[in-house]
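Provided below for reference: sequence and predicted model.
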Amino acid sequence: MHTLLRKVTRFVGTFFAAGSAISMASVFLIIFINSVRRYTIGESIPWGEELPVYLAVYGIMFGMAWAYLLDRHVSFDLVAGLLPKAAHKPISFFVDLCMVVIGALLSYSGYLFMMKRGKVDASSILSSARELRDLFGIEQLAVLGQMYPYYFAMVLGGAMLAVAALLRLLNRAANTDQHEAEGAF
């Protein structure tokens, strides 16, 4: 059982790390290309200002889940630090369990928000999404011009936080090393 948990934790940790790295590398690349275009030919990419903001949110969501999985997140442990060492493990279990619930609730509330406000147009991306739709003849590409895919970051982030907290809880219970989730990076 420990081997399976270790493999699953490592796979999920690698997925979270890769998602964060790809998102942030995409942000850098888009901003770099947009800056070079602006100062060389005097023209920016139409979606080059808005898309990096949305990609950064995805990167933060992946990074947040990875940090929680590694147990390297920001925490306020002043009270826990004052308690005896024997109390740390039960408190950690309770916090992990709470984070599973909070992650699931965040995902659900993100879903409700996405369904209610997702039809709002992403102004600077709308025309590019329509051009993609017309170029490839795929009607579904028009959704990239709406807020659905960008609000989905909250749904995904909440779900990833719940999974990370559940794996962290299981790893604590199994007394496995917290650095198993570091992935291949």
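Here it is on my side, so go on.

isn't residue 130 right up against residue 143?
No. With contact defined as CB atoms under 8 Å, residue 130 does not count as touching residue 143 (10.9 Å). All C-beta spots, glycine's among them, are computed from the backbone N, C-alpha and C.

quick one, helices of the protein?
In the chain, the helices defined using DSSP state H lie at 2-40, 51-70, 78-82, 88-117, 123-136, 148-174.

most centrally placed residue in this structure?
When CA atoms, centre = their mean is applied to the chain, the residue found nearest the centroid is residue 61 (2.2 Å).

what sits against the residue nearest to it when sequence neighbours are not counted?
Nearest residue to residue 61, sequence neighbours excluded (CB to CB, 6 or more residues apart in numbering): residue 157, at 3.2 Å. Going by CB atoms under 8 Å, 6 or more residues apart in numbering, residue 157 touches 60-62, 64-65, 106-107, 110.

how near is residue 157 to residue 44?
29 Å (CB to CB, to the nearest Å).

got it, and residue 36?
Counting by CB to CB, the gap from residue 36 to residue 44 is 10 Å.

Settle it for me: which of these two has more neighbours?
residue 44 (15 against 10; other CB atoms under 10 Å).

Phi first, then psi, for that one.
Note on residue 44: its backbone torsions stand at phi -90, psi 160 [degrees, to the nearest 10].

ok, it touching residue 37?
Yes. Counting by CB under 8 Å, residue 37 is a contact partner of residue 44 at 6.0 Å.

Which of the helices and strands in the protein ranks last by mean pLDDT?
When the helices and strands of the chain are scored by mean pLDDT, DSSP states H and E, helix 78-82 comes last with a mean of 75.

Would you mark the buried spots in it?
When burial is assessed from 16 or more other CB atoms under 10 Å, helix 78-82 yields no buried residues.

neighbouring contacts of it?
Helix 78-82 is contacted by residues 87-88, 91 when judged by CB under 8 Å, 6+ apart.

which stretch in the helices of the chain has the least confidence?
Lowest mean pLDDT within the helices of the chain: helix 78-82, at a mean of 75.

May I have that helix as PDB, with CA atoms only?
Taking Å, rounded to 0.1, in the frame of the first residue of the first chain, the C-alpha atoms of helix 78-82 are listed here in PDB:
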ATOM      1  CA  LEU A  78       2.100  29.900  16.100                       C
ATOM      2  CA  VAL A  79      -0.500  28.100  18.200                       C
ATOM      3  CA  ALA A  80       0.600  24.700  17.100                       C
ATOM      4  CA  GLY A  81       4.200  25.600  17.900                       C
ATOM      5  CA  LEU A  82       3.200  26.300  21.500                       C
END
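
how about residue 88, what does it touch?
Residue 88 touches residue 80, counting by CB under 8 Å, 6+ apart.

which residues sit in contact with the closest residue to residue 26 other than its chain neighbours?
Leaving aside its sequence neighbours, residue 26 sits nearest to residue 55 (CB to CB, 6+ apart; 5.1 Å). By CB under 8 Å, 6+ apart, the contact set of residue 55 is 23-24, 26-27, 30.

Thank you kindly, that will do.
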